[in-house]
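In: Pasting the sequence and the predicted model now:
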Amino acid sequence: MPKFIEFLTTYKIPFIVGFVLLGIFFMFFGLRLFNWTIFLITAVGGTLVSGILFFEFVKFGSQAWILWVIFGACVIVGCVLGYLAVAYEKLGFFGLGCALGVVGGLLLYNSILIHVLPTDGNSNAYFYIIMVVCAFIGGGLALWLWK
């Protein structure tokens, strides 16, 4: 993730302006343009998650054009996820539940489980297993509460 964070901090001014404009859009038109809001939130979230994955697991040089190409691919992935969230409402609701499950899993892991679990070489495996389980619990709860 450090390479992705480095990329975002290098070009922080365009990202700050973009997110401020997006926040103003949500503030004034979020409920009236509900499908657009769901699309944009999912697209931004999908872009960030795919950016973390692409920048973490793909080996490449640090040339600026390569970083922008990978970021463009992440934006495309985010837009596809945004379209799927709007076109298939149940899938979007499941994705939102998964995201909130991961947030809950992070809170659980950082507040309690990090002190209880062994600190051997498998601590990353424990973390990822807990996040996946919490994501599916959150997604399942979201589907259970859906309409």
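Out: Sure thing, it's come through.
In: Tell me the pLDDT of the residue nearest to Trp146 when sequence neighbours are not counted.
Out: The shortest distance from Trp146 to any residue other than its chain neighbours is 5.1 Å, reached at Phe93 (CB to CB, 6 or more residues apart in numbering). Every residue, glycine included, has its C-beta placed from N, CA and C. The model reports Phe93 with a pLDDT of 82.
In: what's the answer for Asn122, then?
Out: Value for Asn122, per-residue pLDDT: 69.
In: Got the phi and psi for Leu117?
Out: phi -70, psi 150 (degrees, to the nearest 10).
In: Relative to Thr37, how far out is Glu56?
Out: Using CB to CB, to the nearest Å, Glu56 is found at 29 Å from Thr37.
In: if you count what's nearby, which of these two comes out ahead?
Out: Thr37 (17 against 11; other CB atoms under 10 Å).
In: Not counting residues beside it along the chain, what's closest to the more buried one?
Out: The shortest distance from Thr37 to any non-neighbouring residue, by CB to CB, 6+ apart, is to Gly30 (4.7 Å).
In: you'd agree Phe4 is up against Val49?
Out: No - using CB atoms under 8 Å, Phe4 is not in contact with Val49; the gap is 10.4 Å.
In: Okay, now the unreliable bits of the chain?
Out: In the predicted model of the chain, residues 1-2, 57-62, 122, 147 satisfy pLDDT under 70.
In: So for Phe4 and Val49, which residue has more residues nearby?
Out: Just comparing Phe4 and Val49: by other CB under 10 Å the higher neighbour count belongs to Phe4, 19 against 16.
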